[in-house]
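K.L.:
Predicted model follows, preceded by the sequence.
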Amino acid sequence: MKATGTYVTTSAADESFRAFVPDPLPPDPPVQLTGRDHDLIEKANRALGRLDAVSTLLPDVSLFMYFYVRKEAVLSSQIEGTQSSFSDLLLHEERLVPGVPLDDVQEVSNYVAAMTHGLRRLREDNFPLSLRLIREMHKVLLAKGRVSDKTPGQFRRSQNWLGGTRPGNARFVPPPPDRLGACMSNLEKFLHDRPQRTPVLMKAALAHVQFETIHPFLDGNGRLGRLLITLILCAEDALAQPLLYLSLFFKLNRQEYYDRLDAVRLKGDWLGWLRFFLEGVQLTAQQAADTAGRILKLFEEDRRKVEGLGRKAGSAHRMLEMLRRHPLTTIPNAAPQLNLTSPTIRSAVESLEALGIVREITGKQRDRIYIYDRYVRILDEGTEPLRG
């Protein structure tokens with residue numbers, strides 16, 4: 001095996017260093033798949049199919065997508081160093097707690113907006129997956145917060161690097177700016193390759209490595225590169241709903257993820273990366289399907305509990321329905337959404353508390369916040385901030 005690109009010598013700040021310029025996709029020679037690899041592809045495709053099937057059983061797939069997108073935003077941002085939790089993001093979006101880590105939460109919130117923008121352009125505007133769309137999403141991703149000075153929506157015009165304090169001692173140096181345009185143009189051509197030429201899961205796997213290797217922006221490359229996987233699957237109609245996100249798998253296998261990327265660049269080990277990627281798709285699709293099933297079961301169990309409340313069941317049902325969309329709330333926030341009086345809301349919340357469905361989380365007598373506890377715990381799984 002050999003490197004999948006060439007090194008060019010360049011300089012910055014009176015220092016010479018070598019930058020890596022990747023070869024165009026698809027790999028040449030092609031990746032040689034074994035019988036085991038075809039089995040992995042088949043298993044991953046079946047897992048995607050099961051996930052798609054589960055999404056059709058959800059009474060409100062948009063609700064599941066709403067929170068799953070937010071969970072992905074938290075996970076993907078954690079890989080880049082933020083410490084926000086899923087609950088932090090919900091509290092920020094509901095404007096319930098001003099003291100959450102604002103910069104971190106803003107970055108996660110930007111990610112949600114960028115993801116939503118990209119998926120809307122693909123699905124509603126019938127816009128192609130292209131360099132223009134990638135730049136649009138980057139502009140949204142860096143629109144607010146501490147990274148808003150990193151030229152949002154523009155490919156970089158200066159050298160960046162990974163690890164180290166400068167290009168000369170970096171772990172990896174992406175292509176220099178004068179090679180960036182050709183690299184991204186080649187990637188766009190590969191993205192427009194039709195699925196009968198490059199199977200969609202292989203396309204997503206190869207494109208992700210290529211994007212991370214080119215590192216075309218000053219900031220936000222990791223988050224956009226992970227989002228690119230889902231965009232490809234949606235653009236190629238491999239998923240009816242954008243429900244597959246690999247950030248949790250990459251987070252839990254962080255060192256192997258980086259090692260696999262390096263092995264492609266330095267040794268041409270596309271096969272090792274592809275096997276790792278397919279394992280991630282299979283596991284992640286199964287986890288997403290299981291999560292959807294557990295949420296459906298929880299909703300049904302809690303609905304039956306509320307039915308036993310007698311004359312109080314009506315307002316409690318309405319409160320429970322609202323908590324599916326706003327699983328952290330206050331009585332003043334809930335009242336206008338349900339068009340009910342505060343005393344009626346308070347009575348409904350007390351009933352749900354007695355049933356063990358909601359829990360108060362502040363311990364205060366005023367400005368109390370209630371959480372749909374088991375629901376948030378399901379959604380929160382795996383989003384503990386990374387340490388070290």
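P.N.:
Received, thanks. Source: prediction; values computed, not measured. Numbering: from 1, shown residues only.
K.L.:
element containing the closest residue to residue 80 other than its chain neighbours?
P.N.:
Excluding its sequence neighbours, the residue lying closest to residue 80 (CB to CB, 6 or more residues apart in numbering) is residue 222, at 5.4 Å. C-beta: built from backbone N, CA, C; applies to glycine. Element membership for residue 222 (DSSP states H and E) is helix 221-235.
K.L.:
so for the helix or strand that comes right after that helix, what's the average pLDDT?
P.N.:
Next helix or strand after helix 221-235 toward the C-terminus (DSSP H and E): helix 247-252. Averaging pLDDT along helix 247-252 yields 88.
K.L.:
Who are the packing partners of whichever helix or strand comes after helix 247-252?
P.N.:
Counting by DSSP H and E, the element after helix 247-252 in chain order, helix or strand, is helix 254-267. Packing contacts for helix 254-267, counted by 3 or more CB pairs under 8 Å, 6 or more residues apart in numbering; DSSP states H and E, involve helix 200-214, helix 270-307.
K.L.:
Next, format those as TSV and append distance to residue 253, mean neighbour count and mean pLDDT.
P.N.:
Below are these laid out as TSV (distance: least, CB to CB, whole Å; neighbours: other CB atoms under 10 Å; pLDDT from 0 to 100):
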stretch	distance to residue 253	mean neighbour count	mean pLDDT
helix 200-214	14	23	96
helix 270-307	8	18	93
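K.L.:
Tell me which of the ones you listed lies nearest to residue 75.
P.N.:
Nearest of those to residue 75, taken as CB to CB: helix 270-307 at 10.8 Å.
K.L.:
got any ranges where the chain has weak pLDDT?
P.N.:
Where the chain drops to pLDDT under 70, the residues are 1, 59, 81-85, 92-105, 145-149, 194-196, 384-388.
K.L.:
okay, now the domains of it?
P.N.:
5-291, 310-379 (automatic domain parsing).
K.L.:
got the end-to-end distance for stretch 24-43?
P.N.:
End-to-end span of stretch 24-43 (CA to CA, to the nearest Å): 28 Å.
K.L.:
mind listing the strands for this protein?
P.N.:
Remark: strands assigned in the chain by DSSP state E are 5-12, 15-22, 328-329, 358-360, 370-372.
K.L.:
Which one, of the ones you listed, ends up nearest to residue 310?
P.N.:
Closest to residue 310 of those, according to CB to CB: strand 358-360, at 18.7 Å.
K.L.:
which helices and strands sit right next to that closest one?
P.N.:
helix 342-354, strand 370-372.
K.L.:
Note down every partner strand of that strand and its orientation.
P.N.:
Strand 358-360 pairs in its sheet with strand 370-372 (antiparallel), by DSSP bridges.
K.L.:
Off-centre distance for the strand it pairs with?
P.N.:
Centroid displacement of strand 370-372 relative to its chain, using CA atoms, centre = their mean, to the nearest Å, is 24 Å.
K.L.:
Number of residues surrounding the closest residue to residue 12 other than its chain neighbours?
P.N.:
Among residues not flanking residue 12 along the chain, residue 159 sits closest, at 5.1 Å (CB to CB, 6+ apart). Using other CB atoms under 10 Å, residue 159 is surrounded by 20 other residues.
K.L.:
which residues touch residue 159?
P.N.:
10, 12, 19, 167, 173, 176-177 (CB atoms under 8 Å, 6 or more residues apart in numbering).
K.L.:
Next: residue 270.
P.N.:
By CB under 8 Å, 6+ apart, the contact set of residue 270 is 4, 27, 31, 206, 209, 264.
K.L.:
Residue 180 contacts residue 214, doesn't it?
P.N.:
Yes - assessed by CB atoms under 8 Å, residue 180 is found in contact with residue 214 at 6.9 Å.
K.L.:
mind checking how far the residue nearest the centre of the chain is from residue 48?
P.N.:
Geometric centre of the chain, nearest residue: residue 72, 3.3 Å, by CA atoms, centre = their mean. Going from residue 72 to residue 48 by CB to CB, to the nearest Å gives 16 Å.
K.L.:
what does residue 324 give?
P.N.:
26 Å.
K.L.:
same thing with residue 331?
P.N.:
42 Å.
K.L.:
still on that earlier bit, give the contact list for the residue nearest to residue 80.
P.N.:
Applying CB under 8 Å, 6+ apart, the residues contacting residue 222 are 76, 79-80, 212.
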